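Peer 1: only the shape, not the letters, is given here:
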C-alpha cells in the first residue's frame, strides 16, 4: 500500500456548502475503507478545531424508517484528515454534521484506489487510529486552553487588570 502516490487517490467529491441544520449526505457511494477528507471554512477562529462529524452509512434490507444505518462515526478536524474505516461488506456513503457557526464549508473527499495489502485490522489501521486519537486529544487540550484564556481575560477585565 502506498498512501504517498497521488495516482492511488481519486477525488470523488468537492463542493462549497452552506451548512444547514441537520445532516448532509454526500450523493455518491464509496468502496474503499480509506478516505481523505479536507474541510475548511473562511476565516476560522483560532479556537475552532472541529470541521465536522462524519458517519459511515451502509444500506440495509431491514425494515425501518431509514434505508441506511450508521456503522461508524468520526470527528473530523479542520484541515486534512485520513480515515481508515473498518472494512465494509458493501459500498457506503458519508454523512456530515458541520458546526452551526460555520458560514460556509469547503469539503473535498478522496478515495484510496490503490492496492490495499493490509486489512483494516492490520498495522495501518492501528497506527491511523492511534494518531487520530492523539490528534483529537491535542485538539481537545488546545480547545480547553483557548477557553481558559478567555476566562482569564474576562477575570482581568473584571478586576481592572
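Peer 2: Ah, there it is. This one's a predicted model, so the numbers in the text were calculated from it and none came from an experiment. Numbers count the residues shown, from 1 in each chain.

Peer 1: residue 151: what secondary structure?
Peer 2: helix (DSSP: H, G, I helix; E, B strand; the rest coil).

Peer 1: start and end of stretch 1-12, how far apart?
Peer 2: Stretch 1-12 has its terminal residues 20 Å apart, counting by CA to CA, to the nearest Å.

Peer 1: ok now that stretch, how far from the chain's centre?
Peer 2: 18 Å (CA atoms, centre = their mean, to the nearest Å).

Peer 1: where does pLDDT dip in this protein?
Peer 2: The model of the chain has pLDDT under 70 over residues 63-66, 88, 116-133, 135-136, 138, 161.

Peer 1: that one: helices as residue ranges?
Peer 2: All helices of the chain, identified by DSSP state H, fall at 123-159.

Peer 1: and the strands in it?
Peer 2: Along the chain, counting by DSSP state E, strands occupy 9-17, 24-25, 34-40, 50-59, 68-77, 79-84, 92-97, 105-112.

Peer 1: what's across from the closest residue to residue 38 other than its chain neighbours in the sheet?
Peer 2: Leaving aside its chain neighbours, residue 38 sits nearest to residue 108 (4.2 Å; criterion: CB to CB, 6 or more residues apart in numbering). For every residue, glycine as well, the C-beta is placed using N, CA and C. Assessed by DSSP bridges, residue 108 has beta-bridge partners residue 14, residue 38.

Peer 1: thinking again about what came up before, which one of the strands of the chain lies closest to residue 150?
Peer 2: strand 50-59 (17.1 Å; CB to CB).

Peer 1: residue contacts, residue 97?
Peer 2: Residue 97 is in contact with 22-24, 52-55, counting by CB atoms under 8 Å, 6 or more residues apart in numbering.

Peer 1: since that was my last question, I'll sign off now.
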